[in-house]
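Chemist: Got a predicted structure here, sequence first:
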Amino acid sequence: MLVSRLFRIVAGVETTAQELSIPAEKSASGNRRRTAESAIRAFFGSNALVAIIVLTLITIFLFREGSGFFSQNLANLRLYRQAGLEYVDIIRTEAEKQTALSRQLGDIRLQQMRAGADQAALEKFDQFASKFSDTGEQLNGLLSDATDQAQALRETMLRLGSHASAAVIESESQDEPSAAAVPAGNEAEQMATLRSATDKFAQIADSMKAPINELLAVPPALTSAKERKAFAKWKAEAEAYLKQLPAVVEKLRAWDPNKPMPAYRAITSFLFGTQWITASFWQDWYGIIPLFVGSLLVSVVALLLAVPLGVCAAIYVSEVASPIEKSLIKPYIEFISAIPSVVLGFFGIAVLGETIRAISRASFMQWVPFFPISERLNVFTAGCLLALMAVPTIFTLAEDALRNVPRGFKEASYALGANRLQTTLRVLVPASLSGIVSAVLLGLGRVIGETMVVLLCAGNRIAIPDFTQGLGAVFQPVHTMTGIIAQEMGEVVRGSIHYRALFMVGLVLFAITLAINYVAQKLVMRYRMSIG
């Protein structure tokens, strides 16, 4: 009994020792686990903090470098008005309208020649066009004189420092040669001399009416209905041009150089301006609309091509392709993202652009209204290459969204008797729609921020495309926000208005990209919540 009791005591001690040792082991393993978790959290938290700091520094840098643009732009606009450049541009607009009408006659003459008109008819039309062009000689002469006078007044204001912000403009005009010598006399006399152009413009407008009306009364003979239609349109525009000349005279008389230039014009002229003109002897304009429209058009063309290709490829690889096909298709699509953008740009210049232009000149494409095209570098060329770059992003994210749909959705659809096509289109795609939309938005962010391809293949023409041609606007050259920064940043003087304008373009582009990514992240969160 005593021996058995001793054995029970020893066994109890061993059991107690084991029980006492277990919490110590658990405590040690828990400490190690907590240490590892703390290290992991510190690692990823530090990376997230670095990303936030970098993003903040980029934002501060863009604001700091571009913050002075609006004050400089406002000073530029005020000098534009007070020096009379705004006044001269009213006259310039009318002279350009008359020149545009003369150019339209040249286009009609070219159509007539292509239609096989005889030499006598062409000579009569040339006489008509020459007489109309001659009616604008006096207007062009007045414009030339007024331009010299306004430039002289501008130089006087800068030299004497009488303008409120002349120092801001003068620092950028020192390297520019003066287009006209600064005459003697004060600014009031120079302004009075410039304003005398109003009476001269009124006399010229009256003298233009009689010869133009005589020409319109006896139009030249035209051979085809197409040419007659074009001439009738030109005639209506010429008559409208004559009717609005008295209103232009009143506008010139009502123009006041001392009218205050509101501060908001510095912002609206940038956000809604339709001209981007730099290093001009006359007046610089920094309007972002042509650049924004160019970026938007290229992005839309790219998405119209990339979204069907990327989403359909994702659906095929995820739900239809065999394992062998998956192992071939997926790596090759994702490999596209590894191709340097400059290589794609060279491909667009040498191959794609030439091919598209050659196709547009083929005889079987003559039914297209805007074919043949003259520019091989245009919106469509750049959009095709950007679509190729966006396909891997859209494909990868869309496939992940399809794969994350719970398997029960598919099994329930098959249990109800649906086939694979019905299950894919009516169950899987709607269930992953938010993920697919977020993939498209991230693809848009990839496209709109691309620089090298659009710089090489978009044509780099700073102008809003002619949308009256319909789809023909897609085959016109444009410039983009990213392209203008890459092209002009290396040539500007640090601190100049041009320098700060480029940073403001970068800030707008940065805000657009952040907004796209923010919307994409919101859709991803909604997608995750909707399917668990």
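Modeler: That came in fine, so what should we check first? Numbering: from 1, shown residues only.

Chemist: The strand or helix carrying L514 - contacts with which helices or strands?
Modeler: Using DSSP states H and E, L514 maps to helix 497-530. The contact analysis (3 or more Cβ pairs under 8 Å, 6 or more residues apart in numbering; DSSP states H and E) places helix 497-530 against helix 2-66, helix 69-82, helix 166-173, strand 285-286, helix 289-315, helix 433-448, helix 481-488. Where you see a C-beta, it was placed from the backbone N, CA and C, and this is true even at glycine.

Chemist: Flag every buried residue along the fifth one.
Modeler: Using 16 or more other Cβ atoms under 10 Å as the test for burial, helix 289-315 gives 290-299, 301-303, 305-307, 309-311, 313-315.

Chemist: Can you show me the helices along the stretch 201-350 of the chain?
Modeler: All helices of the stretch 201-350 of the chain, identified by DSSP state H, counting those that start in this stretch, fall at 225-243, 245-254, 265-271, 289-315, 323-335, 341-347.

Chemist: Please list the outside residues in contact with stretch 397-411.
Modeler: Stretch 397-411 has contacts (Cβ atoms under 8 Å, 6 or more residues apart in numbering) with 310-311, 314-315, 317-319, 330, 423, 427-429, 431-432, 434-436, 438-439, 442-443, 527, 531-532.

Chemist: Show me which of these are buried.
Modeler: Buried among the contacts of stretch 397-411 by 16+ other Cβ under 10 Å: 310-311, 314-315, 317-319, 330, 423, 427-429, 431-432, 434-436, 438-439, 442-443, 527.

Chemist: OK, contacts around T393?
Modeler: 310, 337, 439, 442-443, 446.

Chemist: closest to L74 among these?
Modeler: Nearest to L74 out of the contacts of T393 is R446 (Cβ to Cβ; 36.0 Å).

Chemist: Look at the closest one and say how many residues are nearby.
Modeler: For R446, the neighbour count with other Cβ atoms under 10 Å is 21.

Chemist: That one reaches M389, doesn't it?
Modeler: Yes: between R446 and M389 a contact is recorded at 6.7 Å, counting by Cβ atoms under 8 Å.

Chemist: Show me the shaky parts of this structure.
Modeler: Along the chain, the model assigns pLDDT under 70 to residues 1-34, 43-45, 161-185, 524, 526-532.

Chemist: at 50 what do you get?
Modeler: 1-3, 6-7, 9-10, 13-14, 16-22, 164-168, 170-171, 173-184, 529-532 (pLDDT under 50).

Chemist: on that earlier part again, can you add distance to S130 and give the helices of the stretch 201-350 of the chain back as JSON lines?
Modeler: JSON lines is the format used below for the helices of the stretch 201-350 of the chain (distance: least, Cβ to Cβ, whole Å):
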{"stretch": "helix 225-243", "distance to S130": "15"}
{"stretch": "helix 245-254", "distance to S130": "22"}
{"stretch": "helix 265-271", "distance to S130": "39"}
{"stretch": "helix 289-315", "distance to S130": "34"}
{"stretch": "helix 323-335", "distance to S130": "60"}
{"stretch": "helix 341-347", "distance to S130": "45"}
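
Chemist: With respect to F69, which of these lies nearest?
Modeler: Using Cβ to Cβ, these put helix 265-271 closest to F69, at 7.5 Å.

Chemist: now the closest one: how far from the chain's centre is it?
Modeler: 17 Å (Cα atoms, centre = their mean, to the nearest Å).

Chemist: Between all of the contacts of T393, which two are at the greatest distance?
Modeler: Pairwise distances across those (Cβ to Cβ) peak at 13.8 Å, for the pair S337 and A439.

Chemist: sorry, back to before: go through the helices of the stretch 201-350 of the chain and name the closest to I464.
Modeler: helix 289-315 (5.2 Å).

Chemist: State the next helix or strand along the chain beyond the helix or strand encompassing L385.
Modeler: Per DSSP H and E, L385 falls inside helix 379-403. Downstream of helix 379-403, the first helix or strand assigned by DSSP H and E is helix 407-415.

Chemist: Okay, buried residues for that next one please.
Modeler: Buried, per 16+ other Cβ under 10 Å, within helix 407-415: 409-410, 413.

Chemist: likewise stretch 51-60?
Modeler: Buried, per 16+ other Cβ under 10 Å, within stretch 51-60: nothing.

Chemist: now it, how far from the chain's geometric center?
Modeler: That offset, for stretch 51-60, works out to 24 Å (Cα atoms, centre = their mean).

Chemist: ok, now which ones touch L110?
Modeler: No contacts exist for L110 under Cβ under 8 Å, 6+ apart.

Chemist: if we look at the host helix or strand of L122, which residues are touching it?
Modeler: Per DSSP H and E, L122 falls inside helix 119-134. Contacts with helix 119-134, where a contact means Cβ under 8 Å, 6+ apart, come from 101-102, 105-106, 108-109, 112-113, 117, 211-212, 215, 219-223, 238.
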